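Colleague: I'll drop the sequence and a predicted model, then ask my questions.
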Amino acid sequence: MEADDDGDASMSTVAERAPGRVADTAPGRFRSRFRMERLLVPTLAWIAAIGFFFPVLWMFLTGFKQEADAFTSPPKLIFAPTLAQYREIFSRGFAPFLINSATATVVSTLLVLALAIPCAYGLAIKPVEKWRDVLFFFISTRFLPVVGAIVPIYIIARDAQLLDTVTVLILLYTAMNMPIAVWMLRSFFLEVPRAIMEAARIDGATLRQELVRVVLPLVAPGIAATALICVIFAWNEFFFAVNLTSSRAATVPVFLVGFITSEGLFWARLSAAATMACLPVLLAGWIAQKQLVRGLTMGAVK
């Protein structure tokens, strides 16, 4: 009987301790899993970032190589840096192409914002009848392939004596970016609380004062994000520039194609020119990064 009592006592002791062990080990497993996730997620993020950034880094490094070192198999990782390729691209007249691209991009972006802001404001705050059809009409202008409209555009530009001018690029880039800008800005205007606008109207603000002094400061991050998207699209546009310009109004993308000739592909010079072409957009994104992040995340959290 004593042995049975001792066995029952030991079994009860084990039963009492078992839940405690489970309770003690569960937090430990949770902590170890949480630590693994904290290490794994940043590691995967860094790997993805390096993978996306590596081509840009390789292009930047190749711009400092000689042509003999730029096209080798396997690639030469140790080389003597030189600025010969950058001197070469500026000696070939890179500055006028850069000025043409900057002029067409900046002026068209300003025109897009000047036209898209009141349009998007009207569609968001005081929508017209059949506003869905209006929005669909804006975005439907992007459905047609550019190559399908280049012939009539070329004839109109020729008859208007706008061929090989920056003016025709400004007009086309403005029309190209308008639908996207209206759609983006409308979504930002919809996030503005109606109570703020009603309070401004009660205080006697006119429609212009309401838009300029109340609404625009609130959607400034969204405007910055829209402007940067328009800058990127206009700066990288190639099809209109190569078909409607020849020498006076040619842009940076047209200049880059000049390094691909029948004699071969000049990798080092092309990499140096591409680095100079990417630099203005990268600087614009870096300067407006705070506003850009806020603008791209507006409306993401309710």
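Modeller: Yes, it's here. Numbers count the residues shown, from 1 in each chain.
Colleague: only C-alpha atoms for contact and neighbour calcs from this point on.
Modeller: OK.
Colleague: ok, how many other residues are close to Y173?
Modeller: By the measure other C-alpha atoms under 10 Å, the count of residues near Y173 is 25.
Colleague: And A273, by the same measure?
Modeller: That count, for A273 with other C-alpha under 10 Å as the rule, works out to 26.
Colleague: before we move on, what about V56?
Modeller: 16.
Colleague: so how far is A120 from it?
Modeller: Counting by C-alpha to C-alpha, to the nearest Å, the gap from V56 to A120 is 36 Å.
Colleague: Equivalent analysis for T206, please.
Modeller: Distance from T206 to A120, by C-alpha to C-alpha: 18 Å.
Colleague: between the two, who's got more neighbours?
Modeller: Each of T206 and A120 has its neighbours counted (other C-alpha under 10 Å); A120 has more, 24 against 12.
Colleague: can I assume that one is in contact with I180?
Modeller: No: with contact defined as C-alpha atoms under 8 Å, A120 does not reach I180; the gap is 10.7 Å.
Colleague: what's near enough to touch D164?
Modeller: D164 sits next to 244-250 when contact means C-alpha atoms under 8 Å, 6 or more residues apart in numbering.
Colleague: The same query, at a cut-off of 7 Å, please.
Modeller: 244-249 (C-alpha atoms under 7 Å, 6 or more residues apart in numbering).
Colleague: So the most centrally placed residue in the chain versus I99, what's the distance?
Modeller: Closest residue to the average C-alpha location of the chain: I229 at 5.6 Å, with C-alpha atoms, centre = their mean. Computed as C-alpha to C-alpha, the I229 to I99 distance reads 20 Å.
Colleague: Same check on L207?
Modeller: Taking C-alpha to C-alpha, one finds L207 at 38 Å from I99.
Colleague: P81 now?
Modeller: 28 Å.
Colleague: of the two, who's got more company?
Modeller: Counted by other C-alpha under 10 Å, P81 and I99 do not tie: I99 has more neighbours, with 15 against 12.
Colleague: Flag every buried residue along the helix or strand where A200 lies.
Modeller: Take DSSP states H and E as the rule and A200 turns out to sit in helix 194-202. For helix 194-202, the neighbour count (16 or more other C-alpha atoms under 10 Å) marks 197, 200 as buried.
Colleague: got it, and stretch 131-145?
Modeller: So, applying 16+ other C-alpha under 10 Å, buried residues of stretch 131-145: 135, 138.
Colleague: Stretch 271-287 too?
Modeller: So, applying 16+ other C-alpha under 10 Å, buried residues of stretch 271-287: 271-277, 281, 285.
Colleague: Among those, which one sits closest to E198?
Modeller: E198 has its nearest neighbour among the buried residues of stretch 271-287 in G285, at 34.6 Å by C-alpha to C-alpha.
Colleague: Name the nearest residue to the closest one, ignoring sequence neighbours.
Modeller: Residue nearest to G285 in three dimensions, not counting chain neighbours: L228, with 7.1 Å by C-alpha to C-alpha, 6 or more residues apart in numbering.
Colleague: Shouldn't the one you found be within a helix?
Modeller: Yes: counting by DSSP: H, G, I helix; E, B strand; the rest coil, one finds L228 located in a helix.
Colleague: my read: L185 touches A120, true?
Modeller: Yes: under the criterion of C-alpha atoms under 7 Å, L185 makes contact with A120 at 5.8 Å.
Colleague: Residues in contact with stretch 240-256: which ones?
Modeller: By C-alpha under 7 Å, 6+ apart, the list of residues contacting stretch 240-256 reads 97-98, 100-101, 154, 163-166, 236, 238, 270, 273, 277.
Colleague: Ignore what I typed, I meant stretch 114-134.
Modeller: For stretch 114-134, contacts defined as C-alpha under 7 Å, 6+ apart pick out 178, 181-182, 185-186, 189-190.
Colleague: could you pull out the helices for the stretch 201-302 of the chain?
Modeller: 207-209, 216-218, 220-236, 239-244, 252-257, 267-287, 289-296 (DSSP state H, counting those that start in this stretch).
Colleague: is it possible to export these to a markdown table including mean pLDDT and distance to I50?
Modeller: As requested, those are exported to a markdown table (pLDDT from 0 to 100; distance: least, C-alpha to C-alpha, whole Å):
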| stretch | mean pLDDT | distance to I50 |
| --- | --- | --- |
| helix 207-209 | 81 | 47 |
| helix 216-218 | 86 | 35 |
| helix 220-236 | 89 | 22 |
| helix 239-244 | 91 | 31 |
| helix 252-257 | 88 | 26 |
| helix 267-287 | 85 | 17 |
| helix 289-296 | 62 | 19 |
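Colleague: Quick check: the residue lying closest to I260 once chain neighbours are set aside vs A274, distance?
Modeller: In space, and not counting its chain neighbours, I260 is closest to F266: 6.8 Å by C-alpha to C-alpha, 6+ apart. F266 sits 12 Å away from A274, going by C-alpha to C-alpha.
Colleague: All set now, cheers.
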